[in-house]
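Colleague: Here's my sequence, what's the structure:
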Amino acid sequence: MKFTTLLAASAISFAATLPANAQELSFANFTPPFHTVNASVIEKLNSILSDATNGEVTVRGYHGGELGAGPVEQYIRVVQGVADMAWGLPGYTSSQFEKTMIVELPGTLTNEDHGYAAMWAAYDDHLANEFPGTVPVALWTSEPNVFIMRDAVIRTPADLAGLKIRVAGATAADIVTALGATPVQMPINQVYNAMQTGLIDGVITGASTLNDFKLDEVANSYTFGANLGRLSFYAVMTEGVYDGLSDEAKAALDSPSNQTVSQSAEDAWNATADAGVATARTLPENSFVDLTDEEAAAFAEVIASVTGQYVEAVGGQDALAAMQAD
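Modeller: This is a model prediction of the structure:
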């Protein structure tokens, strides 16, 4: 038998093993495939959907902005059908997610609370209308925010005076302003160059960025212990795509499965942060400040009004209560 005939026969045989109604869902990822989101969200969703549908529905990640570059535009790409699913940060389009972003504020949660549980607790009654045209398949938060700096050691709020600090969204900008620094809003994938060139002095974000965005290469000073809030994230599916799924696939995406993916993501963010910090602490050129409770309280006092003012401004008292409910 000729080689080409063998190839054709193999292809036919392989095709015969695929489900008759196979559906591959595209997931837009603006980060490289080594980013934490791939294994904890994209591959997790693929596993859940494939198992629930006997392989009829799968998920394929398109990494590094293959379906369109730019973290800010991920949500609209799902609404427009460029991708079936995508992930992103509410902070990049703060005005759309006014109540969702309450979870990011200092004091909404302790540094030990589970952000994904708080977001889902508030979702149905308070956050759902902030996700038009989509169905969230995961909601989660990062590890608690810390100061990641270049050539600036932060021990007290006064140490931030006059510094330029990158923020992800409006709520973080209010915190930075209260601390006496100048907020500079930009997507996380621009922070490396901004710190390297001196455009910013540092960033308030989670330590998972040390690995996921290589910030360990441009930072040399870290401060832990202050409650600076955290970042929030979503993974969403086009509403029309969700409506067209089989009952089995829908059931796989609905609670408690969305909680499973959300917890998977949050646990992974924390694990990535722990690994990055552990490595950074071994390098002699790095400075680490671990605040005492008294020192942390000084930061809390300065930014105490930010959360209350924001919640009142967006009419988010009930959303806050839901997030903080046991």
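
Colleague: Quick one: distance of the strand or helix carrying Ser47 to the chain centre.
Modeller: Using DSSP states H and E, the element containing Ser47 is helix 43-52. The chain centroid and the centroid of helix 43-52 are separated by 20 Å under C-alpha atoms, centre = their mean, to the nearest Å.

Colleague: now the helix or strand just after it and helix 43-52, what's the angle there?
Modeller: Downstream of helix 43-52, the first helix or strand assigned by DSSP H and E is strand 57-62. Computed by axes from the mean of the first three to the mean of the last three C-alpha atoms, to 10 degrees, the angle separating strand 57-62 from helix 43-52 equals 160 degrees.

Colleague: Give me the residues contacting the lengthiest helix in the chain.
Modeller: Secondary structure of the chain per DSSP state H: the longest helix is helix 257-280. With contacts defined as C-beta atoms under 8 Å, 6 or more residues apart in numbering, helix 257-280 is touched by 36-37, 39-41, 44-45, 48, 114-117, 119-120, 136-143, 206-212, 216, 222, 233, 235, 251, 286, 288. C-betas here are computed from N, CA, C, even on glycine.

Colleague: among these, which are in helices?
Modeller: 36-37, 44-45, 48, 115-117, 119-120, 209-212, 251.

Colleague: nearest to Asp84, of the residues you listed?
Modeller: Leu45 (10.5 Å; C-beta to C-beta).

Colleague: what's the burial count for that closest one?
Modeller: Leu45 has 28 neighbours, counted by other C-beta atoms under 10 Å.

Colleague: residues touching the closest residue to it other than its chain neighbours, list them.
Modeller: Spatially, and ignoring its direct neighbours in sequence, Leu45 is nearest to Val59 (4.8 Å; C-beta to C-beta, 6 or more residues apart in numbering). Residues in contact with Val59 (C-beta under 8 Å, 6+ apart) are 24-25, 27, 42-43, 45-46, 49-50, 85.

Colleague: Could you rerun that using 7 Å?
Modeller: Counting by C-beta atoms under 7 Å, 6 or more residues apart in numbering, Val59 touches 25, 27, 42, 45-46, 49.
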